[in-house]
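*Asks:* Return atomic coordinates for the entry below.
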Amino acid sequence: MSETILIVDDERDIRATLGGLLADEAYLVAQASSPSEAYERLEENAPDLIILDLWMGTEDAGFDVLGRVHEDFPQIPVVIISGHGNVETAVRAVKNGAFDFIEKPLSADKLLLTVRRALDFKKLASENLILKSRAPKEEKLYVGSSKSMLALMTTIRMVAPTPVSVLITGENGVGKEVVAQTIHSLSPRGDRPMIELNCAAIPEELVESELFGHERGAFTGADRRRLGRFDLANHSTLFLDEIGDMSLKTQAKILRILQEQKFERVGGTRTVNVDVRIIAASNKDLTQEIEEGRFRKDLYYRLNVVPVPVPPLRDRKEDIPGLANLFLNECLSSNNLAHKALAPSFLESLKHRPWPGNIRELKNTIERLAITTSDQIIASDPQDPNPPGNGLRAIGAEGSEAWLLKPYREAKSEFERMYFLAQLEAHDGNITKTAETVGLDRTTIHKKLHELDIKEEARGSPGDKPN
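*Replies:* Numbering: from 1, shown residues only. Predicted coordinates for the structure are as follows:
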């Protein structure tokens, strides 16, 4: 997209010459012959750069425009041109916010070089502003080999090249933000930074200002114009995390932007046109939120053009050993730690933990063990709330004296019931795997379950039931 340059000069010939020169370089050109006309152009559509003549009737006319631009549009660089310049004037201009000062008659090569430098500086400043607003992240999408994650990656590859809105859903910690970043990086907009806003982390009274920016004087403390996330995301992607926590009032404004690609800043009346792709995410059931009147149905359908559900870790257990080894090696390398390995039995036990914190919890767990385990082989987790065999130890939770007081047959029966329930739970109800672990054949296991009155529904997953 070509940058727009506003030429402010009271001499028509100068405006025409500069306009032709810049147009030949594929820039979009706007013109103003006076300070008042310059202000009108600024309010209509803020340019990327201003070329400003200092002397328009009086020298102060140009300085007045420079001062107002520096105050209300600090992100726009201003290149000063003047036929009445001297060292003192140039120094004064730069001190008042000008990017550079060029004397007339103008050199085309010098002017174009200065324009390019000014626009590059503006782009760099904008990217620095974006980066400062984001916490440093080095997360990436850990796909794995499970069917659910391979299907997710297929969806990402299909939707990324398009401009359509995307709604990512899933529990906390599954990697919704990383999925959004992956979609953005694979899109035609991927050469620009993705702009992010966590809707749940911003106080309600500040959400609109964060999204749309505000004009000077819009509210107490608004001493200058401020660009919002939609300004920063122009020609890029805006990621709205936890959009289910956004107020209905703000939802209505988001809907309008999706429909019309334009908005007004808080306290302003000028319409700002943008080209922004929206990727939203939520850990809430938005259909339930709609039923309870907390989320707009029309916005939901606008966002949910392509639904991207991210599975929880417990539904992709086959990925856990590979992920654990990957996280271990990354931690050892980044922290310059001695080589360590995860015991096969421990890797297997990780598959049977509930992981309410999903990928984030698994990664944190492995990093903690890599740092705190002194042995070369990591065989257990001291902080595992349900370590392997915990179900068997629970049998004696009442205390050994209580078990000693029970008749042998009653104690034996209760022990066997707890034992087989724990083993079935550890193997997701799979009879074959349970038989291999406890050292009995499948037929014996089936008989024992019948004797102990362990019903089908208590055995876990339905995959390996008796005939």
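*Asks:* Okay, and the residue lying closest to residue 448 once chain neighbours are set aside sits in which element?
*Replies:* Spatial nearest neighbour of residue 448, excluding adjacent residues (CB to CB, 6 or more residues apart in numbering): residue 420 at 6.4 Å. Every C-beta, even on glycine, is put in place using the N, C-alpha and C of the backbone. Per DSSP states H and E: residue 420 is located in helix 408-426.
*Asks:* What mean pLDDT does that helix get?
*Replies:* Averaged across helix 408-426, the pLDDT comes to 77.
*Asks:* Give me the buried stretch members for it, please.
*Replies:* 417-426 (16 or more other CB atoms under 10 Å).
*Asks:* Need the residues you listed in JSON lines (columns: distance to residue 34).
*Replies:* Formatted as JSON lines, these follow (distance: CB to CB, whole Å):
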{"residue": "417", "distance to residue 34": "92"}
{"residue": "418", "distance to residue 34": "89"}
{"residue": "419", "distance to residue 34": "91"}
{"residue": "420", "distance to residue 34": "90"}
{"residue": "421", "distance to residue 34": "86"}
{"residue": "422", "distance to residue 34": "85"}
{"residue": "423", "distance to residue 34": "87"}
{"residue": "424", "distance to residue 34": "84"}
{"residue": "425", "distance to residue 34": "81"}
{"residue": "426", "distance to residue 34": "81"}
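*Asks:* Of those residues, which is the nearest to residue 116?
*Replies:* residue 426 (65.5 Å; CB to CB).
*Asks:* for the stretch 201-350 of the chain, what spans make up the helices?
*Replies:* 204-212, 229-232, 248-260, 286-291, 297-303, 320-334, 344-350 (DSSP state H, counting those that start in this stretch).
*Asks:* how far away is residue 251 from residue 215?
*Replies:* Residue 251 sits 22 Å away from residue 215 when distances are taken as CB to CB, to the nearest Å.
*Asks:* Likewise for residue 179?
*Replies:* For residue 179, the distance to residue 215 (CB to CB) stands at 35 Å.
*Asks:* Kindly report the same for residue 275.
*Replies:* Separation of residue 275 from residue 215 (CB to CB) stands at 22 Å.
*Asks:* Between these two, tell me which one has more neighbours.
*Replies:* Neighbours per residue (other CB atoms under 10 Å) separate residue 275 from residue 215, with residue 215 holding more: 18 against 12.
*Asks:* wait, the more buried one sits on residue 268?
*Replies:* Yes - assessed by CB atoms under 8 Å, residue 215 is found in contact with residue 268 at 4.1 Å.
*Asks:* Okay, now the unreliable bits of the stretch 1-150 of the chain?
*Replies:* 1, 59, 85, 125-140 (pLDDT under 70).
*Asks:* If we use 90, what do you get?
*Replies:* 1-4, 10-11, 13, 25-28, 34-36, 38-48, 53-76, 80-110, 116-150 (pLDDT under 90).
*Asks:* Run the chain-centre distance for the helix or strand that contains residue 15.
*Replies:* Following DSSP H and E, the helix or strand that holds residue 15 is helix 12-24. Computed by CA atoms, centre = their mean, to the nearest Å, the chain-centroid distance of helix 12-24 equals 43 Å.
*Asks:* following that helix, which helix or strand comes up?
*Replies:* strand 28-32.
*Asks:* which residues sit against that next one?
*Replies:* Residues outside strand 28-32 that contact it (CB atoms under 8 Å, 6 or more residues apart in numbering) are 2-8, 15, 18-19, 22-23, 38, 40-41, 45, 47.
*Asks:* Mind checking which of these land in helices?
*Replies:* For the contacts of strand 28-32, the ones inside helices are 15, 18-19, 22-23, 38, 40-41, with DSSP state H as the criterion.
*Asks:* Just say helix, strand or coil for the most centrally placed residue in the chain.
*Replies:* Centre of the chain computed as the mean C-alpha position; nearest residue by CA atoms, centre = their mean is residue 177, 3.8 Å away. Assigned by DSSP: H, G, I helix; E, B strand; the rest coil, the conformation of residue 177 is helix.
*Asks:* Repeat that for residue 155.
*Replies:* helix.
*Asks:* care to break this protein down by domain?
*Replies:* 4-132, 148-311, 314-378, 390-458 (automatic domain parsing).
*Asks:* Show me the one of the ones you listed that comes nearest residue 384.
*Replies:* Short answer: domain 314-378, nearest of the domains of the chain by CB to CB, at 7.0 Å.
*Asks:* and the end-to-end length of the closest one?
*Replies:* Using CA to CA, to the nearest Å, one end of domain 314-378 lies 22 Å from the other.
*Asks:* re the thing from before, beyond the helix holding residue 420, next helix or strand please.
*Replies:* Following helix 408-426 toward the C-terminus (DSSP H and E): helix 431-438.
*Asks:* That next one packs against which elements?
*Replies:* With contacts taken as 3 or more CB pairs under 8 Å, 6 or more residues apart in numbering; DSSP states H and E, helix 431-438 sits against helix 408-426, helix 442-451.
*Asks:* That one - what's its average pLDDT?
*Replies:* 81.
*Asks:* Next, the angle helix 442-451 makes with that helix.
*Replies:* Helix 431-438 and helix 442-451 are oriented at 100 degrees to each other (axes from the mean of the first three to the mean of the last three CA atoms, to 10 degrees).
*Asks:* could I have helix 431-438 exported to CSV, CA atoms only?
*Replies:* Extracted in CSV, the C-alpha atoms of helix 431-438 (Å, rounded to 0.1, in the frame of the first residue of the first chain):
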residue,chain,number,x,y,z
ILE,A,431,-8.9,-54.3,29.3
THR,A,432,-5.9,-55.4,27.2
LYS,A,433,-3.5,-52.8,28.6
THR,A,434,-4.8,-53.5,32.1
ALA,A,435,-4.2,-57.2,31.7
GLU,A,436,-0.7,-56.6,30.5
THR,A,437,0.1,-54.4,33.5
VAL,A,438,-1.4,-56.6,36.3
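*Asks:* ok now that helix, how far from the chain's centre?
*Replies:* Distance, centroid of helix 431-438 to centroid of chain: 43 Å (CA atoms, centre = their mean).
*Asks:* can you pull the buried residues of it?
*Replies:* Buried, per 16+ other CB under 10 Å, within helix 431-438: 431, 433-435.
*Asks:* quick check: angle from that helix to helix 408-426?
*Replies:* Going by the same axes, to 10 degrees, helix 431-438 makes 120 degrees with helix 408-426.
*Asks:* For residue 432, see how far away the residue nearest to residue 448 is.
*Replies:* Relative to residue 432, and taking CB to CB, residue 420 is found at 14 Å.
*Asks:* picking that back up, can you tell me which of the helices of the stretch 201-350 of the chain is most buried?
*Replies:* Highest mean neighbour count of the helices of the stretch 201-350 of the chain: helix 229-232, a mean of 22 (counted as mean count of other CB atoms under 10 Å).
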